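Student: the following comprises the amino acid sequence and a computationally predicted model.
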Amino acid sequence: MRLETLAHFAGLLTGLALVAPHLDPAAMLVTSVAVQITHAIVCRVFAGQAGRNGLRWAAAGLVAGVYAVTLLLYLTERQPRPMEAEPRRRV
């Protein structure tokens, strides 16, 4: 696979090709990988806070990027984590 093709695919996956189409292929590819890694970290943190499997969501974030983050936030909003029992205060 040529660098231009790979960079174009990665740019479309992250949305970078739509925002900055003028980037040369090497910069597009490196920036797209950095964006995907950031999405993986965001998924890991959000999944951990929501009581979900962070490793699986990090992998999903690395592959699907913003789509995985959006799905995770949607699922978390629809099925919120049960409230932890607060200790009773003495009156």
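Tutor: Noted; the coordinates are in hand. Numbers count the residues shown, from 1 in each chain.

Student: what packs against the host helix or strand of residue 75?
Tutor: Residue 75 is part of helix 66-78 when elements are defined by DSSP states H and E. Applying 3 or more CB pairs under 8 Å, 6 or more residues apart in numbering; DSSP states H and E, one finds that helix 66-78 makes contact with helix 25-49, helix 54-64. For every residue, glycine as well, the C-beta is placed using N, CA and C.

Student: can I get those in a markdown table with mean neighbour count, mean pLDDT and distance to residue 19?
Tutor: Output for the helices and strands packed on helix 66-78, formatted as a markdown table (neighbours: other CB atoms under 10 Å; pLDDT from 0 to 100; distance: least, CB to CB, whole Å):
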| stretch | mean neighbour count | mean pLDDT | distance to residue 19 |
| --- | --- | --- | --- |
| helix 25-49 | 17 | 94 | 10 |
| helix 54-64 | 18 | 95 | 18 |
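
Student: show the contacting residues for the residue nearest to the spatial centre of the chain.
Tutor: Taking CA atoms, centre = their mean as the criterion, residue 39 is the residue nearest the geometric centre of the chain, at 2.8 Å. Residues counted as contacts of residue 39 (CB atoms under 8 Å, 6 or more residues apart in numbering) are 61-62, 64-66, 68-69.

Student: cool, residue 61 as well?
Tutor: Residue 61 makes contact with 36, 39-44, 68-69, 72 under the criterion CB under 8 Å, 6+ apart.

Student: can you do 10 Å?
Tutor: When the contact criterion is CB atoms under 10 Å, 6 or more residues apart in numbering, the partners of residue 61 are 36-47, 54, 67-69, 71-72.
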